[in-house]
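Student: missing the sequence, but the structure's below:
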């Protein structure tokens, strides 16, 4: 029997090409299906997390709004020198009910310029609430949480609070817009934290992009470290016309931190505030 060697070689050579040509559409369709499933899953997670945190807001009732506080301040006869900052907006917060829902609850965070309003928790480590909500549901949104090494009463020289930069702008998803729109800080340059024992008002003094292992995340324990940290912030600060602050008495700092970039990035966007007012609740 005569074998056509040349024909056989062509068939063998052609076979892998045909296989690849048939495989490519299958791979593309598979990628599209997986992507679609992931998108649907993400949207479902966003919706569930949003519903949960919206329901928690029923435990928080503003008594005076930021606008009302500003208006009251303007009506007084105090000069700008006598009163540099508006009063802290009053809030009725059911701390007992929120603590009953989650024993890790430490306070309520409000950033008026960005419409950020969330409960703050503190876990035994900094991994617990990355993918667990306030009500302990597994969710990519996680929770807004305080660094596990910080004192919960904000007596550290610098208190760190973390949150995900969610694509639907929830959690700390809008935090980076401070860097995109400088007018936002001018509209309301304050961060408020309400705890069972005290209400805190921090003035925003800096924001910038950094990375997760930068000097930004060092814990301050000595005055010399504090002085060095303030100098460092001044060097990397992207906030134009940052307010003048007297750091000689070592006022407490708050640092809000979130991711900046695609999933898995080491880049971070941070906002620093300095304590300018504190009202005890007891």
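Tutor: Great, that's in hand. In this text the structure is predicted, and so the values were computed from the model without any measurement.

Student: which residue ranges form the helices in this structure?
Tutor: For the chain, the helices defined by DSSP state H cover 5-56, 66-75, 95-101, 177-180, 183-187, 223-236.

Student: who's in contact with the third one?
Tutor: Residues from elsewhere that reach helix 95-101 (Cβ atoms under 8 Å, 6 or more residues apart in numbering): 56, 59, 105, 108, 119, 134, 135, 195, 196. Every C-beta, even on glycine, is put in place using the N, C-alpha and C of the backbone.

Student: Pick the one among those residues closest to residue 229.
Tutor: Proximity of these to residue 229 (Cβ to Cβ) peaks at residue 195, which lies at 23.7 Å.

Student: so what pLDDT did the closest one get?
Tutor: pLDDT for residue 195: 97.

Student: now it: how far from residue 172?
Tutor: Using Cβ to Cβ, to the nearest Å, we find residue 195 at a distance of 20 Å from residue 172.

Student: okay, the two: which has more neighbours?
Tutor: The residue with more neighbours, out of residue 195 and residue 172, is residue 172; 25 against 19, by other Cβ atoms under 10 Å.

Student: how about that one, what does it touch?
Tutor: 116, 144, 162, 163, 164, 165, 166, 256, 257, 258.

Student: tell me the phi and psi of it?
Tutor: Note on residue 172: backbone dihedrals following degrees, to the nearest 10 are phi -100, psi 30.

Student: if you skip the residues just before and after it, what's nearest to residue 140?
Tutor: residue 45 (4.8 Å; Cβ to Cβ, 6 or more residues apart in numbering).

Student: any idea which of the helices of the chain scores lowest on pLDDT?
Tutor: Lowest mean pLDDT of the helices of the chain: helix 66-75, a mean of 57.

Student: returning to that earlier point: tell me the one among the contacts of residue 172 nearest to residue 217.
Tutor: The closest of those to residue 217 turns out to be residue 257 (Cβ to Cβ; 7.8 Å).

Student: Beta-bridge partners for the closest one, please?
Tutor: Taking DSSP bridges, one obtains residue 162, residue 270 as the residues bridged to residue 257.

Student: And it, how close does it get to residue 192?
Tutor: Per Cβ to Cβ, residue 257 is found 18 Å from residue 192.

Student: again, but for residue 135
Tutor: From residue 135 to residue 192 the distance is 23 Å (Cβ to Cβ).

Student: show me the contacts for residue 208.
Tutor: Contacts for residue 208 (Cβ under 8 Å, 6+ apart) come out as 179, 236, 237, 238, 239, 269, 270.

Student: Okay, the third one and residue 279: tell me how far apart.
Tutor: Read that as residue 237. Residue 237 sits at a distance of 28 Å from residue 279 (criterion: Cβ to Cβ).

Student: what's the answer for the fourth one, then?
Tutor: Per Cβ to Cβ, residue 238 is found 31 Å from residue 279.

Student: cool, and residue 113?
Tutor: 21 Å.

Student: of these two, who's got more company?
Tutor: With neighbours defined as other Cβ under 10 Å, residue 113 and residue 279 compare such that residue 113 has more, 20 against 12.

Student: distance of that one from residue 203?
Tutor: Noted for residue 113: a distance of 12 Å to residue 203, by Cβ to Cβ.

Student: so what sits against both of those two?
Tutor: By Cβ under 8 Å, 6+ apart, the residues touching both residue 113 and residue 203 are residue 189.

Student: excluding its backbone neighbours, what's nearest residue 214?
Tutor: Excluding the flanking residues, the one nearest residue 214 by Cβ to Cβ, 6+ apart is residue 268, at 7.7 Å.

Student: burial of residue 242, as a residue count?
Tutor: Other residues lying near residue 242 total 18 when counted by other Cβ under 10 Å.

Student: For the residue nearest to it when sequence neighbours are not counted, list the residues it contacts.
Tutor: Once flanking residues are discounted, residue 242 sits nearest to residue 205: 5.5 Å by Cβ to Cβ, 6+ apart. The contact partners of residue 205, taken as Cβ under 8 Å, 6+ apart, are 233, 237, 239, 242, 243, 245, 272, 273, 274.
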